[in-house]
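Engineer: Prediction below, plus the sequence it came from.
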Amino acid sequence: MMDIKDAYKDAKRLKQIVTALFQSGLGHYIYEMKLSHHLLWHQKTEKIERPEDLPRRIRIALDQLGGTFVKLGQLLSLRPDLIPQEYCDEFAKLQDNVSSFPYDKAKEIVESELKHKLEDVFSYFDKEPIASASIGQVHKARLRNGARVVIKVQRPGISELMQTDVDLLYHLAGLMENHIKEVQGYNLKALVDEFKRYTLNELDYLKEGRNIERFYKNFKDDATVKIPKLYPDYSSSRVLTMSYIDGIPVDDKDGFKDWGCDEEIISKNLVNFFLKQYLEYGFFHADPHPANVFVLPGNKIALLDFGICGTLTEEMKDRFIELLVALSHRDVDGVVEQFLQLGLVKERDENLVNELAVIVEDFADASIEDINVLHLFNELIFVARKYHVSLPTDFILLVKSIITGEGVGQKLDPSFNLSAAISNYVDELISKRLRPGYLIDSFLDELADFKNNIKLVPKQLNELLFKLKMGELGVHFERKDLVQLEKEIDKSSNRVSLGVIIAALIVASALVLQVNNGKWLAVAGFLIAIFLTINLFINSMKERRIVV
């Protein structure tokens, strides 16, 4: 049963939401959602018309409500696959314009979370925050050991307020889906689900701390990158302590002169930093706008605010690389196929394929340097949304990160082209994958997987025979499936046979190498094995690009 106090808070907050919607010119939808009883009597007498410039009016309402709703708008601005682009562009204007909370409150929270008096942990703690946002604010401080740090302190009561707002968002989503025809195809409750996960991550500073530690580990040996160090002993779910980074925003060119920084070197370091995130580590900062990217003496790049990060699985990295390769090679079918593989498509829709092909063909004659990545991905994502193709959230964050990163780089250097740099990096990566050493390592990995899978066969066969004996297994055959199955079995058999031959050649050559005067025979055996491995690799890559 709902607590009376909670019910009162929800009703009070709902009235605030309805008032903000009305003041933003959205009274028409208040009546459609049957919420007009929350309006004051004089508001009910006003003439209500269907509003124009709807994206702007919604943005104004979100801005007025602050906190949770600003975060909601900021999240939606990252998801052109879920809402129309004009709404994304409008919501991107939302900023955390909130006043700081008193020092006494910050001190109380820090002491409560760290279980120590402030003066026992810090020799200095700045009472005035250097930054303030809807979820928390940041103070400079110094630990007892002399280390300069910044303390991120969560705003008091924000967790309870956001939980109330999320509950009300579910309620409003249900009303909108039931009463407003224009939004009935957008699955608003799924949007609230994603936002709820997003806010829970934002509210738990320990998760951001893990992001910092992961970045720190990835780049600790990189002379061109500086990641703040986390102090886990002085961090909790509501307090985050990390090393202080004294730098200047990446778009402050005037400040570069004071520190003797070189824009060309900074630009190169920035490119390498982004590429390593995307294609080497598969873990990236999803919001690298100028306020989150600093430049340090020695042309170093520093990142701040790790609340929103994305992760690419090995499969997603491979798909993304294949997509870029297909794009740089003007392979329309390849781009379409890789894009579809990235999404969750239940069945192939030829209308979807044709629309994607038309979009890609428009870019086919342009060099990778001239391609407008923002426009291309927006077009692809629009078609995906039209056909209800669900794209992974991390892929959308990746696209957003690339676009934002390229914008940051171009402010630094007008000739900055992250898309071209990614293309060059991918070419180098493909060349690396064709080297004999990489091919042999890949083959040995595949051989190990094959060995592990073989071990499972007896158990799986016994389970299959048992189900067949008990009448729990039914098999339905169609001629077209048998033909396809026969082809696949034939291909697999050939690959396994060739793999065994390659393995035998490698082993035999290694043995012959130990025999006197057997060096040249061993070299010949290794060369044949390498040739067969390259042939096997190329054939496998070709089959992956065939449109099913």
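Structural biologist: Thanks, I have it.

Engineer: can you give me the strands for the protein?
Structural biologist: 122-125, 131-132, 136-143, 148-154, 225-226, 239-243, 248-249, 283-285, 293-296, 300-303, 309-311 (DSSP state E).

Engineer: okay but residue 151 is in contact with residue 244, surely?
Structural biologist: No: counting by Cβ atoms under 8 Å, no contact exists between residue 151 and residue 244, whose distance comes to 9.8 Å. Bear in mind the C-beta positions are built from the backbone N, C-alpha and C, glycine included.

Engineer: and those two? which has more neighbours close in?
Structural biologist: residue 151 (28 against 16; other Cβ atoms under 10 Å).

Engineer: Could you find the closest non-adjacent residue to the more buried one?
Structural biologist: Leaving out its chain neighbours, the residue that sits closest to residue 151 by Cβ to Cβ, 6 or more residues apart in numbering is residue 139, at 4.8 Å.

Engineer: ok, back up a step: okay, and the common contacts of residue 151 and residue 244?
Structural biologist: residue 140 (Cβ atoms under 8 Å, 6 or more residues apart in numbering).

Engineer: list the contacts for the residue nearest to residue 248 when sequence neighbours are not counted?
Structural biologist: Distance criterion Cβ to Cβ, 6+ apart; nearest residue to residue 248, sequence neighbours excluded, is residue 255 at 3.9 Å. Contacts for residue 255 (Cβ under 8 Å, 6+ apart) come out as 248, 249, 295.

Engineer: With residue 161 instead?
Structural biologist: With Cβ under 8 Å, 6+ apart, residue 161 has these contacts: 13, 67, 68.

Engineer: ok, so what distance separates it from residue 107?
Structural biologist: 21 Å (Cβ to Cβ, to the nearest Å).

Engineer: Tell me how many other residues crowd residue 326.
Structural biologist: 20.

Engineer: how is the chain carved up into domains?
Structural biologist: 103-158+202-277+294-306, 436-545 (automatic domain parsing).

Engineer: and residue 178, what pLDDT?
Structural biologist: We have a pLDDT of 87 for residue 178.

Engineer: swap in the one 3 residues further on?
Structural biologist: Per-residue pLDDT puts residue 181 at 81.

Engineer: One more: residue 34?
Structural biologist: 87.

Engineer: Next, the buried residues of stretch 241-261.
Structural biologist: Under the neighbour-count criterion of 16 or more other Cβ atoms under 10 Å, stretch 241-261 has 241, 242, 243, 244, 245, 247, 248, 249, 250, 253, 256, 261 buried.

Engineer: quick one, what contacts the first one?
Structural biologist: Yep, that's residue 241 we're talking about. 141, 149, 150, 151, 152, 230, 231, 234, 235.

Engineer: ok, it to residue 186 distance?
Structural biologist: 40 Å.

Engineer: on that earlier part again, out of the contacts of residue 161, grab the one that's most surrounded.
Structural biologist: residue 68 (23 neighbours).

Engineer: That residue is in contact with residue 199, isn't it?
Structural biologist: Yes: Residue 68 lies in contact with residue 199 (Cβ under 8 Å); the separation is 7.0 Å.

Engineer: so what's in contact with the two at the same time?
Structural biologist: 162, 166.

Engineer: just curious, which of the buried residues of stretch 241-261 is nearest to residue 337?
Structural biologist: residue 250 (36.6 Å; Cβ to Cβ).

Engineer: how about TSV for the contacts of residue 161, with pLDDT added?
Structural biologist: Shown next, in TSV, are the contacts of residue 161 (pLDDT from 0 to 100):
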residue	pLDDT
13	87
67	81
68	86
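
Engineer: Please narrow those to those residing in helices.
Structural biologist: If you go by DSSP state H, the contacts of residue 161 have 13, 67, 68 in helices.

Engineer: Identify the residues contacting the nearest residue to the last one once chain neighbours are set aside.
Structural biologist: Nearest residue to residue 68 in three dimensions, chain neighbours excluded: residue 165, at 3.7 Å (Cβ to Cβ, 6+ apart). Applying Cβ under 8 Å, 6+ apart, we find residue 165 in contact with 13, 67, 68, 69.

Engineer: Show me which of those residues is closest to residue 312.
Structural biologist: Using Cβ to Cβ, the contacts of residue 165 come closest to residue 312 at residue 68, 28.7 Å.

Engineer: and that closest one, how far is that from residue 143?
Structural biologist: Distance from residue 68 to residue 143, by Cβ to Cβ: 33 Å.

Engineer: try residue 316
Structural biologist: Residue 316 is 39 Å from residue 143, by Cβ to Cβ.

Engineer: what's the answer for residue 244, then?
Structural biologist: In terms of Cβ to Cβ, residue 244 sits 10 Å off from residue 143.

Engineer: so what's in contact with the two at the same time?
Structural biologist: Joint contacts of residue 244 and residue 143 (Cβ under 8 Å, 6+ apart) are residue 149.

Engineer: I'd like to know how many residues surround residue 188.
Structural biologist: 20.

Engineer: ok, what's across the strand from the closest residue to residue 238 other than its chain neighbours?
Structural biologist: In space, and not counting its chain neighbours, residue 238 is closest to residue 154: 4.1 Å by Cβ to Cβ, 6+ apart. Note on residue 154: beta-bridge partners residue 136, judged by DSSP bridges.

Engineer: which ones are touching residue 154?
Structural biologist: Here residue 154 is in contact with 109, 135, 136, 203, 205, 238, 239 (criterion: Cβ under 8 Å, 6+ apart).

Engineer: could you measure the closest residue to the fourth one other than its chain neighbours against residue 200, distance?
Structural biologist: With sequence-adjacent residues excluded and distances taken as Cβ to Cβ, 6+ apart, residue 203 is closest to residue 159, at 5.4 Å. Residue 159 sits 9 Å away from residue 200 when distances are taken as Cβ to Cβ.

Engineer: More neighbours: those two, which one.
Structural biologist: residue 159 (17 against 14).

Engineer: any idea how far residue 134 is from the more buried one?
Structural biologist: Counting by Cβ to Cβ, the gap from residue 159 to residue 134 is 12 Å.

Engineer: what do you get for residue 92?
Structural biologist: From residue 92 to residue 134 the distance is 16 Å (Cβ to Cβ).

Engineer: So between these two, which is more surrounded?
Structural biologist: For the pair residue 92 and residue 134, the greater number of neighbours falls to residue 134 (21 against 17), based on other Cβ under 10 Å.

Engineer: residue contacts, that one?
Structural biologist: 66, 67, 68, 70, 71, 96, 98, 155, 158.

Engineer: for the stretch 351-500 of the chain, what are the low-confidence residue spans?
Structural biologist: Along the stretch 351-500 of the chain, the parts satisfying pLDDT under 70 run over 363-374, 418-419, 423, 426, 429-430, 432-457, 460-461, 466-500.

Engineer: do that again at 50, thanks
Structural biologist: Scanning the stretch 351-500 of the chain for pLDDT under 50 picks out 477-478, 480-482.

Engineer: just the stretch 201-350 of the chain next, same as before
Structural biologist: In the stretch 201-350 of the chain (pLDDT under 50), no residue qualifies.

Engineer: can you pull out the helices in it?
Structural biologist: 205-219, 253-259, 263-275, 314-328, 332-342, 350-363 (DSSP state H, counting those that start in this stretch).

Engineer: Residue 459: which of the ones you listed is closest?
Structural biologist: Of the helices of the stretch 201-350 of the chain, nearest to residue 459 by Cβ to Cβ is helix 314-328, at 26.0 Å.
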